[in-house]
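Participant: Just the structure for this:
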Amino acid sequence: MSFTRLSATTTKAGVRAFSTARAQNYKVAILGAAGGIGQPCSLLMSQDPRVTHLSLFDVVNTPGVAADVSHNNFACKVTGHTGDAELEEALTGCDVVVIPAGVPRKPGMTRDDLFNTNAGIVKNLATGCAKYCPDAALCIISNPVNSTVPIASEVFKKHGVYNPRKIFGVTTLDVVRANKFVGDAKGTDPQKTHVPVIGGHAGITILPILSQVTPKAEFGDAERDALTTRIQNAGTEVVEAKAGTGSATLSMAFAGARFASNVLKGLDGEYNVECSYVQSDVTSAEYFSTPVVLGPRGMECNLGLPEMNDYEKKGLEALLPELKESIKKGVEFANKE
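Facilitator: The predicted model follows:
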């Protein structure tokens, strides 16, 4: 299935001109809510005024997290659900589902090392979503995203409810990091610095397009190489700094909540742009992260590849084989009995 692609130069202001905000209310589920990402993400999502019911699910400890979040003076109802027997109740009626469930990385582990554990978790949760909230927008955080998004998509295909407009891999943390690192390097406000990041969500598959940063900035070869490498390896930087106690949780929760809130804005008629890992035909890889327009149907259109210089074109060529292998791994896992 292909989507209309607009010029990557389309501005956010131009997208907002089509806004038809309806200010509806939404039920949002967070699957893995008791984990290191899930807890802060739950707190952040409870502050979104569009969320009237925040449904928190995990295999253990969910009632405590739900009670804790519910004591904050926000308007949304918070419920906690534990174990497979309560998954249906957690998911029924959901408009958006955020999935950070899974085990974190430890020093020396790659995202692929997480595959055998997290792939099964995502497959199980995606099955629940396909059964109980097939029209919800899925925001998948569980690593390796390059593989877990194809797993979820295959599950939805098996259940006959696949809608590629509503299955998203959350790569927002790569964008957040790029904005922060570039802003600090160039002395600009990171909240007003915008770096498109394309490809996937692991190592060299993360490709920041520094030539298209706004405000416009120039980078020498050494600075460009250093920034690109740091953005690609930022997750490992956090894992090593935590020295075996966890991976990126707070920053990932922030990025995940930002993306989920923008999905809600889109559903509400407030069109906006985020980079996301989605089914795509912009490259030879079946799934690929590019800027997409979020709207009432989920992904309204894919803005396609931004302009790239020769360095970035080489990076794109280099990442595709690894990305395709990760996609293949996810598809084969999903279709294995």
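
Participant: and the helix or strand that Lys313 is a member of, which residues are buried?
Facilitator: Per DSSP states H and E, Lys313 falls inside helix 310-334. Buried positions in helix 310-334, judged by neighbour count with 16 or more other Cβ atoms under 10 Å: 312, 315-316, 319-320, 322-324, 326-327, 329-331, 333-334. All C-beta atoms are positioned from the backbone trio N, CA, C, and that covers glycine.

Participant: and Arg177, how many neighbours?
Facilitator: 25 (other Cβ atoms under 10 Å).

Participant: ditto for Gly187
Facilitator: 7.

Participant: could you measure it against Ala222, distance?
Facilitator: Distance of Gly187 to Ala222, computed by Cβ to Cβ, to the nearest Å: 18 Å.

Participant: gap between Val155 and Gly266?
Facilitator: From Val155 to Gly266 the distance is 23 Å (Cβ to Cβ).

Participant: all helices of the stretch 101-250 of the chain, in order?
Facilitator: 115-132, 145-158, 172-186, 221-232, 234-241, 250-267 (DSSP state H, counting those that start in this stretch).

Participant: just checking, what packs against the helix holding Lys313?
Facilitator: When contacts are defined as 3 or more Cβ pairs under 8 Å, 6 or more residues apart in numbering; DSSP states H and E, helix 310-334 sits against helix 115-132, helix 145-158, strand 197-199, strand 206-208, strand 287-295.

Participant: need the contact list for Val78.
Facilitator: 42, 46, 53-54, 56, 66, 69-70 (Cβ atoms under 8 Å, 6 or more residues apart in numbering).

Participant: and the gap between the closest residue to Gln47 other than its chain neighbours and Glu89?
Facilitator: Nearest non-adjacent residue to Gln47, counting by Cβ to Cβ, 6 or more residues apart in numbering: Phe74, 5.7 Å away. Relative to Glu89, Phe74 is positioned 22 Å away (Cβ to Cβ).

Participant: Those two: which is more packed in?
Facilitator: For Phe74 versus Glu89, the count of surrounding residues by other Cβ under 10 Å is larger for Phe74: 17 against 13.

Participant: Check the secondary structure at that one for me.
Facilitator: Under DSSP: H, G, I helix; E, B strand; the rest coil, the three-state class of Phe74 is coil.

Participant: Now that we're looking at it, what pLDDT does it have?
Facilitator: In this model, Phe74 is scored at 93, pLDDT.

Participant: Would you agree it is in contact with Met45?
Facilitator: No. Using Cβ atoms under 8 Å as the test, Phe74 is too far from Met45 to be in contact (9.7 Å).

Participant: for the residue nearest the centre of the chain, what are its contacts?
Facilitator: Centroid-nearest residue in the chain, with Cα atoms, centre = their mean: Val170, separated by 0.8 Å. Applying Cβ under 8 Å, 6+ apart, we find Val170 in contact with 139-141, 145, 255-256, 259, 276-277.

Participant: how about a cut-off of 6 Å?
Facilitator: 139, 141, 256, 259 (Cβ atoms under 6 Å, 6 or more residues apart in numbering).

Participant: Retrieve the pLDDT associated with it.
Facilitator: Reported pLDDT for Val170: 98.

Participant: got the contact list for stretch 51-60?
Facilitator: 25-34, 42, 45-46, 62, 65-66, 76-81, 83, 90.

Participant: before we move on, could you check phi and psi at Gln279?
Facilitator: phi -60, psi 140 (degrees, to the nearest 10).

Participant: how close does it sit to Pro196?
Facilitator: In this view, Gln279 and Pro196 are 19 Å apart by Cβ to Cβ.

Participant: From the neighbour counts alone, determine which of those two ranks first.
Facilitator: Remark: of Gln279 and Pro196, Pro196 carries more neighbours, 25 against 22, as counted by other Cβ under 10 Å.

Participant: Now the phi/psi pair for the more buried one, please.
Facilitator: Dihedral angles (degrees, to the nearest 10) for Pro196: phi -70, psi 140.

Participant: Pretty sure it sits against Pro208.
Facilitator: No. Between Pro196 and Pro208 there is no contact, the gap being 7.6 Å when judged by Cβ atoms under 6 Å.

Participant: returning to that earlier point: deepest in the core, which of the helices and strands packed on helix 310-334 is it.
Facilitator: strand 197-199 (a mean of 29; mean count of other Cβ atoms under 10 Å).

Participant: Show me where the protein dips below the pLDDT cut-off.
Facilitator: Low-confidence segments of the chain (pLDDT under 70): 1-23, 110-111.

Participant: How many neighbouring residues does Ala136 have?
Facilitator: 24.

Participant: Now it. Nearest residue, chain neighbours left out?
Facilitator: Cys94 (4.6 Å).

Participant: number of nearby residues for that neighbour?
Facilitator: 22.
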